[in-house]
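give me a 3D structure for the following:
(2 chains)
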Amino acid sequence: MATDDYHYNETVLAHIAEPHNIGEIGDADGIGTGTNPVCGDEVSLYLKFEGDTVSDAKMKVLGCGAITAAMSSVTDLVRGKTADELRELTHEEIAASLGGLPKHKRHCAQLAQRVVRNALEGRG
Amino acid sequence: MTDMNPVYMDHNATTPIRPEVAEVIHRYLGSSFGNPNSIHRFGRETRAAVEEGREHAAALIGAADPEEIVFTSGGTESDNWALRGALAAAGGGGHIVTSAIEHPAVLDTCKVLEGSGIQVTYIRPNGKGRVSADAVAAAIRSDTRIVSIMWANNEVGTVQPIEEIGAICRERGVLFHTDAVQGIGKLPIDVDASGVDLLSASGHKFNASKGVGFLYIRSGVHIEPIITGGGQERDLRSGTENVPSIAGLGEACRIAHEAGAAGPEKTRRLRDKLENEICERIPDVVVNGDPEHRLPGTSNLGFLGAEGETLLIRLDLEGFAVSTGSACSSGSAEPSHVLLAMDLPKEAVLGSLRISLGWGNTEEEVSRLMEVLPLAVERVRAMAPRARAATSG
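Sure thing, here's the model as predicted:
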């Protein structure tokens, strides 16, 4: 099939239809927030650690399909990972977990990556 | 996902081809394939189809002479041609007056022309997307070559004061072009009453096929061709005529002309019913656009506290095709230039959803949309940080 660099793939659409882990964690160990001033997207990420690794993650999002899918996927990706491992999580990996994003939506994976790092601030 | 037939409510993007139009198109995809410029019977047959199409197009917009209609590949070519052709005929340099909410076919052409020394004034609309005729009058200079203001806006449906602008242009002796791509087939258009010199139209916005349109050029107005070659279309637009599409476009014009106000009026009633129900049943919704001057089928709504594209996809998965002006929705990272030029509150831009109804939509489809839209909005709002759901329950 010819490459479609414009539309969302089925994986992304499935995340938008049923985003994973929507919500907040009251006693979160790390909260990351981020906005994209150009398009107006706003996101929050809540992380709960058990020992060194993430045991729970939730997110809230007011934004387009791509950022919704990216944040949804991030809440799965971060589980079981240490803070150091998460600092190395790249936006390419986030996009890859979705089977890729349309070219004009790749900045959404970058925003998701920034929010993960933001949630780890102050954590050793 | 839904098993029901998908419902198309995005008629400002494109429209389905009516069966009568498809039938005409098919006729010229089969045994009637001649080059309309050939002298033999094959050519005579398709020439007749092209000229009949021209007559129907002229009749629809009140053009005195069918020769004022020149077929093109669509709205974008017509807009390019009107601007570039008028400037070339005026002999280089000069000034254009347009609005900040034009289709990119006009805006991006103006940007390119600016690069070659043309000056352009982009008039900002009011908060409802309407351009003031006074602002146009104030912007016209002694070196203004052309005024280009769209008949109706594609995103919010606002209809512009074309007759007033036409009168101003006539008085000041400046060419007046209008991109009527969204207006044609939906609003009564009379090129004489409106004082239009050049008018762009596109087939696929009113139930003909893609890749065909026309530019109306008032008798006596001279613009330079931008596509040169074999001298078709009376030396104005070269290239062998797209006979099937032109014949189909002619049929769509004939149908729209015959229907008069009846077709658009049915669409208007349906749109009003839908919009009223949405505003009654869903809290925190604003209407983007000008309810007093609006295309009959267009409803651009701002669902405050929600984001338009996510809403669009949820509706798509439920079987409803609509559009949005929120960011990154059409290959651009920024929200719609139209909504931004209207200076709407950020929330109304972010949560914008354009529902555009047209031929084929039914009351039953509107009712079906209302079965899923309130919940879709609620779910998108509930995902937001500082969820609005609590205040809007």
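
neighbours around A:G40, how many?
By other CB atoms under 10 Å in any protein chain shown, the residues close to A:G40 number 20. The way it works is simple: take the backbone N, C-alpha and C, and place the C-beta from them, glycine included.

which one is it nearest to, not counting chain neighbours?
The shortest distance from A:G40 to any non-neighbouring residue, by CB to CB, 6 or more residues apart in numbering or on different chains, is to B:L350 (4.5 Å).

surely the one you found meets A:E42?
No - at 9.1 Å, B:L350 does not count as touching A:E42 under the criterion of CB atoms under 8 Å.

quick check: neighbours shared by the two?
Taking CB atoms under 8 Å, 6 or more residues apart in numbering or on different chains as the contact rule, the neighbours common to B:L350 and A:E42 are A:L62.

where's whatever residue of chain A ends up closest to chain B relative to B:L357, distance?
Chain B sits closest to A:C39 of chain A, with a gap of 2.9 Å, by CB to the nearest CB. From A:C39 over to B:L357 the distance is 27 Å, taken as CB to CB, to the nearest Å.

cool, B:G230 as well?
When CB to CB is applied, the distance between B:G230 and B:L357 equals 41 Å.

who has more neighbours, these two?
Taking B:G230 and B:L357 together and counting by other CB under 10 Å, B:L357 has the greater number of neighbours (27 against 10).

what about the most centrally placed residue in chain A, which helix or strand?
The residue at the geometric middle of chain A, judged as the C-alpha nearest the mean C-alpha position with CA atoms, centre = their mean, is A:M71 (2.8 Å). With elements delineated by DSSP states H and E, A:M71 resides in helix A:65-77, which encompasses its position.

and that helix, what does it pack onto?
Helices and strands in packing contact with helix A:65-77 are listed as helix A:10-17, strand A:41-50, strand A:53-62, helix A:91-97, helix A:106-119, helix B:308-317; criterion 3 or more CB pairs under 8 Å, 6 or more residues apart in numbering or on different chains; DSSP states H and E.

now that helix, how far from the centre of its chain.
Between the mean C-alpha point of helix A:65-77 and the mean C-alpha point of its chain there is a distance of 4 Å (CA atoms, centre = their mean, to the nearest Å).

counting by contacts, list what the next helix or strand along the chain from it packs against.
Using DSSP H and E, the next helix or strand after helix A:65-77 towards the C-terminus is helix A:83-87. Of the remaining helices and strands, those touching helix A:83-87 by 3+ CB pairs under 8 Å, 6+ apart are helix A:106-119.

what angle separates the helix it packs on from helix A:10-17?
For helix A:106-119 against helix A:10-17, the angle between stretch directions is 60 degrees (axes from the mean of the first three to the mean of the last three CA atoms, to 10 degrees).

around chain B, pick out the residues from chain A.
Counting by CB under 8 Å from any CB of the partner chain, the residues of chain A close to chain B are A:6, A:8, A:13, A:16-17, A:19, A:22, A:33, A:36, A:38-44, A:60-66, A:68, A:104-105, A:107-108.

rewinding a little: ok, B:L350 and A:E42, which is more surrounded?
Neighbour count, other CB under 10 Å: between B:L350 and A:E42, B:L350 has more, with 30 against 19.

now the strands for chain B?
Listed in chain order, the strands found in chain B under DSSP state E are B:7-8, B:69-72, B:95-99, B:119-123, B:144-148, B:175-179, B:198-202, B:213-217, B:285-288, B:298-303, B:320-321, B:352-356.

okay if I get the ones you listed as JSON lines plus mean neighbour count?
Listed next are the strands of chain B as JSON lines, based on neighbours: other CB atoms under 10 Å in any protein chain shown:
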{"stretch": "strand B:7-8", "mean neighbour count": "20"}
{"stretch": "strand B:69-72", "mean neighbour count": "26"}
{"stretch": "strand B:95-99", "mean neighbour count": "24"}
{"stretch": "strand B:119-123", "mean neighbour count": "18"}
{"stretch": "strand B:144-148", "mean neighbour count": "24"}
{"stretch": "strand B:175-179", "mean neighbour count": "28"}
{"stretch": "strand B:198-202", "mean neighbour count": "30"}
{"stretch": "strand B:213-217", "mean neighbour count": "27"}
{"stretch": "strand B:285-288", "mean neighbour count": "20"}
{"stretch": "strand B:298-303", "mean neighbour count": "28"}
{"stretch": "strand B:320-321", "mean neighbour count": "20"}
{"stretch": "strand B:352-356", "mean neighbour count": "28"}
